[in-house]
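# structure, please.
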Amino acid sequence: MHWYYAAQGRQSAPLDEAELPELVRVGVIRPDTLVWHEGLDTWTPYFQVAGAAPPPMPTVASGPGNGACAECGRIFPMTELVALGPVTTCAACKPRHLQRLREGGHALLQMRYGGFWIRFVARIIDSVALSVVGWIIQIPVLFMIPTARMQNPADLTTRGLAVIGVLSLLNVVIALVYEVYFLTTRGATPGKMAFGLKVIRTDGDKISKGLAIGRYFAQWVSSMTLSIGYIMAGFDEEKRALHDRMCDTRVVFTS
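As a prediction, the model looks like this:
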């Protein structure tokens with residue numbers, strides 16, 4: 001059975017019965033919130049259909065050490081985080097988190113960041129896939145090069161350099177299309193998907209095409225620093241490489 005609730009004059013997305021108590025817990029559905037499910041004649045205050053007590057107020061998270069905000073992913077001392085049901089948010093993100101739930105969204109899970117080594121292996125998988133695709137496209141191009149009729153060594157050298165330039169540009173285009181397509185449609189490249197990883201923005205949303213393009217070229221910067229930009233992910237609290245910092249992205253586990 002699916003439930004619906006009304007917030008700000010709009011009907012929420014359908015909710016499973018298991019999701020309803022969580023929304024009550026975080027204060028999205030209050031005792032006077034109008035709800036409806038198949039079988040009810042009309043929209044009814046929640047307390048009339050469930051005998052709901054007033055939901056608990058958000059409380060300051062407790063415990064030693066640091067924790068991550070479920071919305072922005074930044075690290076804070078536990079005493080500076082607010083507990084909203086099973087998740088914690090920073091004070092700045094709490095209104096946005098509650099608004100997301102009021103508009104029919106789902107509570108976010110605590111972010112688990114993908115570390116350096118798992119991302120390194122995922123990158124190897126992507127590199128192998130790109131190599132296979134690249135050769136499939138480049139081999140026909142190589143056979144089209146008319147070298148047999150060229151006798152002048154200077155012409156051969158010039159043509160060879162031109163071919164190298166074209167193939168290099170083709171590799172860049174293939175890699176760019178690969179990265180942008182998978183990040184914007186699947187949230188991750190095949191290598192990352194193999195390990196249950198995805199790339200998100202700081203607010204938890206998927207990245208746009210423009211950001212995916214910028215992130216691809218930002219990875220060049222991570223490479224040009226003798227790969228120190230990549231190694232940074234092994235020491236950062238949020239496992240951010242240099243290109244993640246430049247584009248304000250995170251690599252997280254999907255579950």
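
# quick check: longest helix of the chain.
helix 153-185 (DSSP state H).

# helices or strands next to that helix in the packing?
helix 116-143, helix 209-224 (3 or more C-beta pairs under 8 Å, 6 or more residues apart in numbering; DSSP states H and E). All C-beta atoms are positioned from the backbone trio N, CA, C, and that covers glycine.

# low-confidence regions, this protein specifically.
Along the chain, segments meeting pLDDT under 70 span 8-9, 26, 50-65, 70-74, 84-87, 97-111, 144-157, 159-160, 203-204, 255.

# tell me the domain boundaries of it?
Per the record, the chain has its domains at 2-102, 116-253, by automatic domain parsing.

# mind listing what's buried in stretch 170-189?
Buried residues in stretch 170-189, counting neighbours by 16 or more other C-beta atoms under 10 Å, are found at 171, 174-175, 178-180, 182-184, 187-189.

# how about these, which pair is most distant?
Asn171 and Gly187 (24.2 Å; C-beta to C-beta).

# tell me which helix or strand comes right after the strand or helix carrying Ala83.
Element membership for Ala83, per DSSP states H and E: strand 81-84. Where DSSP H and E defines the elements, the next helix or strand beyond strand 81-84 is strand 87-90.

# tell me what that next one is packed against?
Looks like strand 87-90 contacts strand 81-84 (3+ C-beta pairs under 8 Å, 6+ apart).

# so what does the strand it packs on touch, helix or strand wise?
strand 59-60, strand 87-90, helix 94-102.

# give the pairing partners of that strand; include direction for each.
Its sheet considered, strand 81-84 pairs with strand 59-60 (antiparallel), strand 87-90 (antiparallel) by DSSP bridges.

# okay, which residue is most central for the protein?
Ile200 (2.1 Å; C-alpha atoms, centre = their mean).

# for that one, give the beta-bridge partners.
Assigned bridge partners for Ile200, using DSSP bridges, are Arg250.

# how about the contacts made by it?
187, 206-207, 249-250, 252 (C-beta atoms under 8 Å, 6 or more residues apart in numbering).

# got it, and Leu130?
Counting by C-beta under 8 Å, 6+ apart, Leu130 has contacts 171, 174-175, 178.

# could you do Ile213 as well?
Ile213 touches 176, 180, counting by C-beta under 8 Å, 6+ apart.

# just the CA trace of stretch 213-232, in CSV.
This file holds the C-alpha atoms of stretch 213-232, laid out as CSV (Å, rounded to 0.1, in the frame of the first residue of the first chain):
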residue,chain,number,x,y,z
ILE,A,213,33.4,18.0,-19.0
GLY,A,214,35.2,20.3,-16.5
ARG,A,215,36.0,17.3,-14.2
TYR,A,216,37.5,15.4,-17.1
PHE,A,217,40.0,18.2,-17.9
ALA,A,218,40.6,18.8,-14.2
GLN,A,219,41.9,15.2,-14.1
TRP,A,220,44.6,16.3,-16.5
VAL,A,221,45.8,18.7,-13.7
SER,A,222,45.8,15.8,-11.3
SER,A,223,48.0,13.9,-13.7
MET,A,224,50.4,16.8,-14.5
THR,A,225,51.3,17.1,-10.8
LEU,A,226,53.1,13.8,-11.1
SER,A,227,49.8,12.1,-10.1
ILE,A,228,50.0,13.8,-6.7
GLY,A,229,46.5,15.1,-7.4
TYR,A,230,45.3,11.5,-7.4
ILE,A,231,47.3,10.5,-4.4
MET,A,232,45.6,13.3,-2.4
